[in-house]
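Enquirer: quick one: sequence and predicted model below, then my questions.
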Amino acid sequence: MLEELKQQVYAANMRLPKLGLVTFTWGNVSGIDRARGLFVIKPSGVGYDVLTPEDMVVVDLKGDVVEGRLNPSSDTLTHMVLYNSFPHIGGIVHAHSPWAVSFAQAGVDIEAMGTTHADTFYGDVPVTDALTQEEIESAYEENTGKVIVKTFAERGLEPDAVPAVLVKQHGPFAWGPTAGKAVETAKILEVVAEMNYHALQLTRADIRVPQYLLDKHYYRKHGANAYYGQKSK
Ligand SMILES: O=C(CO)[C@@H](O)[C@@H](O)COP(=O)(O)O
């Protein structure tokens, strides 16, 4: 079942080490088949050097494994909450990529400071509240998803416009229309986090981009009037 999606999710997972987004097994990618209500995710703790497409695990939107001989990622229920709450997304990445994790650990948003950021994220990438002790000691992974959803609701953020988040004291989750696109977003997030870190060393001024530059760069690539790249005339 879902052989093509398994191949896509496997290929997307294999890009994490190639793009320098993952150390050891500190990350995972999933992709969803919305028509079937099933998603495919990396198995937990399996090294990238031995991972195969057949190792991918199929999970339903209640979080139950429906196919696969291995345990799914320990973050599966976080992916499940995001798929249930953000109905447009088709793929999710979680990786302990060091620059994005640094902002998550510091509890600092990745502010929109330039056009590199505005090309992908329509505004700051938010950091969530820390999970409470009770949230951690009960349904931890599910509560991780819920704190992401709460952050987007409280800040009035659209998951399509800001396709990533930093879970405080933990790390980034990024998403997109497919697993492959989510990996690209995770890499962009990592690069932007590193750039922001360096910019913050150079000045204490407020160096957020003005709204009109954010608009210009985001809408060059998104929406009905996008004109970036080889659009047909
Ligand atoms: O967050 C963590 C560890 O802190 C996990 O995301 C990471 O180790 C990946 O776990 P899985 O191998 O996907 O179970």
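Expert: On my side now, so go ahead.
Enquirer: ok, the residue positioned nearest the centre of the chain - contacts?
Expert: For the chain, the residue nearest the mean C-alpha position is A174 (1.0 Å; CA atoms, centre = their mean). Counting by CB atoms under 8 Å, 6 or more residues apart in numbering, A174 touches 92-93, 163-165, 182, 185-186, 189. C-beta here means a position set from N, CA and C on the backbone, and glycine is covered the same way.
Enquirer: need the CA coordinates for the helix or strand harbouring it. PDB is fine.
Expert: Here A174 sits within strand 171-176, counting by DSSP states H and E. Extracted C-alpha coordinates of strand 171-176, given in PDB (Å, rounded to 0.1, in the frame of the first residue of the first chain):
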ATOM      1  CA  GLY A 171      13.600  22.300  17.900                       C
ATOM      2  CA  PRO A 172      12.100  23.100  14.500                       C
ATOM      3  CA  PHE A 173       9.200  21.500  12.600                       C
ATOM      4  CA  ALA A 174       8.800  22.600   9.000                       C
ATOM      5  CA  TRP A 175       6.100  21.600   6.500                       C
ATOM      6  CA  GLY A 176       5.000  22.000   2.900                       C
END
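Enquirer: that strand: partners in the sheet, and parallel or antiparallel?
Expert: If you go by DSSP bridges, strand 171-176 pairs up with strand 91-95 (antiparallel), strand 164-167 (antiparallel).
Enquirer: contacts for the shortest one?
Expert: The reference is to strand 164-167. For strand 164-167, contacts defined as CB under 8 Å, 6+ apart pick out 100, 103-104, 109-110, 121, 125-128, 144, 147-148, 151-152, 172-175, 185-186, 189.
Enquirer: again, but for stretch 30-43
Expert: The contact list for stretch 30-43 (CB under 8 Å, 6+ apart) reads 1-2, 5-6, 8-9, 12-13, 28-29, 51, 55-61, 66, 68, 70-73, 76, 79-80, 83, 87, 89-92, 178-179, 182.
Enquirer: out of the contacts of strand 164-167, which are inside helices?
Expert: Secondary structure defined by DSSP state H assigns 100, 103-104, 144, 147-148, 151-152, 185-186, 189 of the contacts of strand 164-167 to helices.
Enquirer: could I get those residues as a markdown table with pLDDT?
Expert: As requested, the ones in helices among the contacts of strand 164-167 are exported to a markdown table (pLDDT from 0 to 100):
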| residue | pLDDT |
| --- | --- |
| A100 | 98 |
| F103 | 98 |
| A104 | 97 |
| T144 | 98 |
| V147 | 98 |
| I148 | 98 |
| T151 | 98 |
| F152 | 98 |
| T185 | 98 |
| A186 | 99 |
| L189 | 98 |
